[in-house]
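In: Next one to model:
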Amino acid sequence: MPTFGVHDGGASAVHRSTLCERKRSGAGCATNREGQCCVREPLEQVFEGAKALYRRVRARLLSLDLAPSAPFVLGNEEREASARMSVIVAVHDAPEDTLRCLRSLERFGGRAEIIIVDDGSRLAVTKRLLEGVCLSRGWPLITNGKAMGHSRASESGVSISTRPYVCLLNSDAIVTSRSWLGIARAFAESPEVAVVGPSTSYTPTPQCLWRAQHCRHYWSDEQIWCFAEKNAARHQFEPFMDLPMVGGFAFFVRRAVWDQLGGFDTNLPDYGNETEFCQRVTRAGQRIVWAKGSYIHHLGSASYGRTLGFREIQRRCLEARDYIQEKGAP
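Out: Predicted coordinates:
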């Protein structure tokens with residue numbers, strides 16, 4: 001979900017004081033087209049600039065130990081684990097982030113079955129990117145002339161998948177050399193495990209790691225991969241943690257359970273779909289777990305989010321929440 005900036009109560013108080021002084025002195029107050037005082041705009045620019053500088057410095061300090069010491073390769077165990085995965089990537093423009101996603105899959109996808117769904121992308125550069133990569137890699141490409149939403153796009157990819165585990169991967173997610181083994185081990189631990197999620201940099205669930213969240217837009221791919229190695233070294237042998245739901249950025253589900261439950265709710269085209277699905281999983285007596293040692297980086301709100309805008313996303317989220325609550329009511 002989108003996050004909100006820190007309230008600038010101090011700056012607002014200064015502005016109000018300045019404005020009052022101008023009015024009392026009879027100097028008047030120039031306004032912009034929206035009728036807002038122009039005195040405030042330079043103050044806001046300074047405040048925003050200071051926040052941006054702080055974020056950059058913080059990210060730099062949190063990244064000091066992320067200098068690769070050797071080339072990143074997919075280990076044999078990770079490669080074998082990937083062979084049990086079908087990875088479905090629903091794409092709706094955002095070509096820069098989509099390119100990073102696809103390059104990471106080329107490098108660390110291993111033996112996974114990769115299926116790309118172009119869900120009504122409008123930009124020619126996106127279309128050329130998907131066609132070129134899928135042609136060169138031999139990946140299936142499903143094209144929707146009109147955007148159907150994340151749920152329907154994901155379902156079209158699942159319908160042609162062939163592996164026992166499905167990963168619904170956002171196009172603004174970056175896989176690593178430590179994406180698959182922890183997930184496969186979680187599924188293998190018990191047939192009751194139906195849904196698994198990895199650690200990440202952006203999601204509303206406990207899977208989000210604070211360091212990665214602060215740095216998610218600043219790290220290079222190499223720094224992301226280095227962080228994934230460190231995370232695996234620390235957490236790969238920890239017990240799997242049961243959760244009521246996992247984030248939808250990299251939603252791993254047992255294919256048999258997906259078929260049994262009928263996929264996503266047809267009334268939820270995008271937001272809230274994984275939440276509602278997880279509720280049905282829980283009611284069916286099955287488990288949802290977090291594999292801490294696996295890591296997939298998530299940039300956040302880079303495809304459908306950019307097209308829809310904040311207000312529309314907020315509206316859809318609220319509608320989805322109300323629908324899910326009403327559906328779950330006794």
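In: just checking, next helix/strand downstream of the lowest-mean-pLDDT helix or strand in the chain?
Out: When each helix and strand of the chain is scored by mean pLDDT, DSSP states H and E, helix 9-25 comes last, with a mean of 41. Using DSSP states H and E, the helix or strand that follows helix 9-25 in sequence is helix 40-61.
In: and the next element down the chain from that next one?
Out: Downstream of helix 40-61 (by DSSP H and E), the next one is helix 76-82.
In: Buried ones in that next one, by neighbour count?
Out: Glu78, Arg79, Ala81, Ser82 (16 or more other CB atoms under 10 Å). In short, each C-beta sits where N, CA and C put it, glycine included.
In: Likewise for stretch 97-115?
Out: Quick answer for stretch 97-115 (16+ other CB under 10 Å): 97-98, 100-102, 104-105, 107-110, 112-115.
In: which residues does Arg100 contact?
Out: Ile174, Asp221, Leu299 (CB atoms under 8 Å, 6 or more residues apart in numbering).
In: Cross the residues you listed against strands and list the overlap.
Out: Among the contacts of Arg100, the members falling in strands (DSSP state E) are Ile174.
In: what's the closest of the contacts of Arg100 to Ile324?
Out: Leu299 (25.7 Å; CB to CB).
In: Find the residue closest to the closest one in space, skipping its chain neighbours.
Out: Distances taken as CB to CB, 6 or more residues apart in numbering put Asp172 closest to Leu299, at 4.3 Å, once the chain neighbours are dropped.
In: now that neighbour: how far from Leu64?
Out: 26 Å (CB to CB, to the nearest Å).
In: For these two, indicate the residue with more neighbours.
Out: Asp172 (24 against 7; other CB atoms under 10 Å).
In: Does the more buried one touch Ala94 like I think?
Out: Yes: if you go by CB atoms under 8 Å, Asp172 and Ala94 touch, sitting 6.4 Å apart.
In: The helix or strand hosting Val89: what's the following helix or strand?
Out: Val89 is located in strand 85-91, with elements delineated by DSSP H and E. Per DSSP H and E, the first helix or strand lying C-terminal to strand 85-91 is helix 95-108.
In: now that following helix, how far from the centre of its chain.
Out: Taking CA atoms, centre = their mean, to the nearest Å, one finds the center of helix 95-108 at 14 Å from the center of the full chain.
In: what ranges of the chain fall below the confidence cut-off?
Out: Applying pLDDT under 70 to the chain flags residues 1-40, 301-310, 313, 329-330.
In: Find the residue closest to Ile115 in space, skipping its chain neighbours.
Out: Gly157 is the one closest to Ile115 (CB to CB, 6+ apart), at 4.4 Å.
In: check contacts around the one you found.
Out: So Gly157 contacts Ser86, Ile88, Val89, Ala90, Ile115, Ile116, Val117, Ile142, Leu168 (CB under 8 Å, 6+ apart).
In: how about the CA coordinates for the helix or strand harbouring it, as PDB?
Out: Per DSSP H and E, Gly157 falls inside helix 150-158. In PDB, the C-alpha atoms belonging to helix 150-158 read as follows (Å, rounded to 0.1, in the frame of the first residue of the first chain):
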ATOM      1  CA  HIS A 150      -3.800  -8.600 -12.300                       C
ATOM      2  CA  SER A 151      -6.200 -11.400 -11.400                       C
ATOM      3  CA  ARG A 152      -7.400 -12.300 -14.800                       C
ATOM      4  CA  ALA A 153      -3.900 -11.800 -16.400                       C
ATOM      5  CA  SER A 154      -2.500 -14.200 -13.700                       C
ATOM      6  CA  GLU A 155      -5.200 -16.800 -14.300                       C
ATOM      7  CA  SER A 156      -4.500 -16.800 -18.100                       C
ATOM      8  CA  GLY A 157      -0.800 -17.600 -17.300                       C
ATOM      9  CA  VAL A 158      -1.700 -20.300 -14.800                       C
END
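In: Toward the C-terminus, what is the element adjacent to that helix?
Out: strand 165-170.
In: so how far is stretch 102-113 from its chain's centroid?
Out: Using CA atoms, centre = their mean, the offset of stretch 102-113 from its chain centre is 17 Å.
In: picking up where we left off before, now for the buried residues of helix 76-82: which two are most distant?
Out: Most distant of those, by CB to CB, are Arg79 and Ala81, 7.3 Å apart.
In: What distance do you get for the spatially closest residue to Val257 that is not a sequence neighbour to Phe251?
Out: Of all residues not flanking Val257 in the chain, Ala194 sits nearest, at 4.2 Å (CB to CB, 6+ apart). Ala194 sits 11 Å away from Phe251, going by CB to CB.
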